[in-house]
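Undergrad: Let's see this in three dimensions:
(one chain, ligands or ions: 1)
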Amino acid sequence: MKSVAIAGATGAVGQEFLSILAERNFPLKSLKLLASSRSAGKKIKFKDEEITVQELKHDSFDGIDLVLSSAGGSISKEYMPSAVKAGAVVVDNTSYFRMNPEVPLVIPEINPQDIKKHKGIIANPNCSTIIMLLPIFPLYKAFGIERVQACTYQAASGAGAMAMEELRLESVALAEGKPFKRTVIPYQYAFNLFPHNSSYNDGSSEKNAVHAPNGYCEEEWKMIAETHKIFGDDNLRVNASCVRVPVLRAHSEALNVKLSKKTNVAEIYEVLRSAPGVEILEETSKNRWPMPIDASGKDPVLVGRVRVDQSQDNAFDMWVVGDQIRKGAALNAVQIAELL
Ligand code: A2P
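TA: Numbers count the residues shown, from 1 in each chain. Predicted coordinates for the structure are as follows:
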């Protein structure tokens, strides 16, 4: 039994932590909910209890065994060292510690062995990376990979609970022809899309937390750099183009994979059918493939439309959809906690 604290408990991922801990009957001795001073005193239901949210402070972690943290990179940077000092293990959902060589970056279906190397903090990968790698890893094991090209179609949930609410309100306002003042997302989001708004590297790489090369945005470079770290293979050729689309939750990705060992579509389906955390969802006769609404609130990453890329030798396209808040964030973190 563990005493657990959730940092960022009122956020989109924080709320999902609560559902997943309850659903999976995580062995809890106690549960502490932490957020900003704005939320202190607010009551949140967990199972049959009402738990009062407390303000996150440096001394919030006395007696805590495990912290599930999802309040943003700067908050993790500031407060998670205090949690480790107090003796807790932190599973951190932000990007702040991910590329730190001292911090394991873990997807339990792929590199659970790395958890053992932790020194107090384990990082949860970027949501688009997790969703891409669940189907890619079994193909890498079975056939070897020469190159992966990912194009993402990312939901509002990746920008947090307030971005989801803003998309809802903006959609209603625009449908009714009313003006709308945005405060979270910088551009019109409803009935529109835009290249991912994570920081763009104009050449001064100091600005960019993950040192994306010139022209990439941070989200794209996360998918590349994190894949290398999780697979322990810096030579794997990965490329990504990230786009935000006006979907509330669940990211979609079009993946193009060039494999090393000669194979075919039937063998790829066979590997994916037995891949942990992956589910094939398609009804070819109805032209029906995975959609964000199919994945929302669900655990597996859904795959469909595996087909031969006619322009290259031994390359295949596939369509992948996964719930950004669940497997892309909270579920992956709770799975890490369960392994701990
Ligand atoms: P709050 O609701 O009090 O602002 P999301 O990713 O959905 O936007 O959620 C962010 C989470 O991080 C929320 O729980 C939010 O709490 C929390 N948070 C934001 N700023 C701070 C802060 N300065 N200290 C503690 N928690 C914070």
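
Undergrad: OK, contacts around the spatially most central residue of the chain?
TA: Centroid-nearest residue in the chain: Cys127, 1.8 Å away (criterion: Cα atoms, centre = their mean). For Cys127, the contact set (Cβ atoms under 8 Å, 6 or more residues apart in numbering) comprises 158, 251, 322, 324, 328-329. Yep, even glycine has a C-beta here, placed from its N, CA and C like the rest.

Undergrad: Quick check: strands, which of those residues are part of them?
TA: 251, 322 (DSSP state E).

Undergrad: So how do I select the buried members of the contacts of Cys127 in ChimeraX?
TA: Restricted to buried positions by 16 or more other Cβ atoms under 10 Å, the ChimeraX selection for those reads:
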select :158,251,322,324,328,329
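
Undergrad: how far does stretch 269-287 sit from the chain's center?
TA: Centroid separation between stretch 269-287 and its chain, computed with Cα atoms, centre = their mean, to the nearest Å, is 21 Å.

Undergrad: again, but for stretch 4-23
TA: The chain centre lies 14 Å from the centre of stretch 4-23; the measure is Cα atoms, centre = their mean.

Undergrad: Kindly report the same for stretch 264-282.
TA: 21 Å.

Undergrad: Which residues belonging to that stretch are considered buried?
TA: Buried-residue list, stretch 264-282, by 16+ other Cβ under 10 Å: 268, 271-272, 275, 277-279, 281-282.

Undergrad: Look up how far the ligand lies from the residue nearest to the centre of the chain.
TA: 12 Å (Cβ to the nearest ligand atom, to the nearest Å).

Undergrad: how close does that residue get to Ser60?
TA: According to Cβ to Cβ, to the nearest Å, Cys127 stands 26 Å off from Ser60.

Undergrad: next one: Gly160
TA: From Gly160 to Ser60 the distance is 21 Å (Cβ to Cβ).

Undergrad: For Pro108, state which of the buried residues of stretch 264-282 is nearest.
TA: Of all the buried residues of stretch 264-282, Pro108 sits closest to Gly277, with 8.5 Å by Cβ to Cβ.

Undergrad: isn't that closest one right up against Ala295?
TA: No - the criterion here is Cβ atoms under 8 Å, and Gly277 misses it with Ala295 at 12.0 Å.

Undergrad: Find the residues that touch each one of the two.
TA: In contact with both Gly277 and Ala295: Val301, using Cβ under 8 Å, 6+ apart.

Undergrad: for the nearest residue to Ala86 once chain neighbours are set aside, what are its contacts?
TA: Nearest residue to Ala86 in three dimensions, chain neighbours excluded: Phe61, at 3.9 Å (Cβ to Cβ, 6 or more residues apart in numbering). By Cβ under 8 Å, 6+ apart, the contact list for Phe61 reads 5, 67, 82-83, 86-88.

Undergrad: Show me the helices in the protein, by range?
TA: In the chain, the helices defined using DSSP state H lie at 12-23, 73-85, 127-143, 161-175, 218-231, 265-273, 292-295, 331-339.

Undergrad: Can you pick out the most distant pair from the buried residues of stretch 264-282?
TA: Largest pairwise distance in the buried residues of stretch 264-282, by Cβ to Cβ, is 17.4 Å, between Gly277 and Glu282.

Undergrad: now whichever residue of the chain sits closest to the ligand, nearest residue through space, not along the chain?
TA: With Cβ to the nearest ligand atom, the shortest gap between the chain and the ligand falls at Gly11, namely 2.1 Å. Excluding the flanking residues, the one nearest Gly11 by Cβ to Cβ, 6+ apart is Ala161, at 5.4 Å.

Undergrad: What of Gln149?
TA: Gln149's closest residue in space is Asn256 (Cβ to Cβ, 6+ apart), at 4.3 Å.

Undergrad: beta partners for the one you found?
TA: Gln149, Asp317 (DSSP bridges).

Undergrad: Could you pull up the residues touching it?
TA: 148-150, 309, 315-317.

Undergrad: mind redoing it with 10 Å?
TA: By Cβ atoms under 10 Å, 6 or more residues apart in numbering, the residues touching Asn256 are 147-151, 239, 309, 311-312, 315-318.

Undergrad: measure it to Asp234 for me?
TA: Computed as Cβ to Cβ, the Asn256 to Asp234 distance reads 21 Å.
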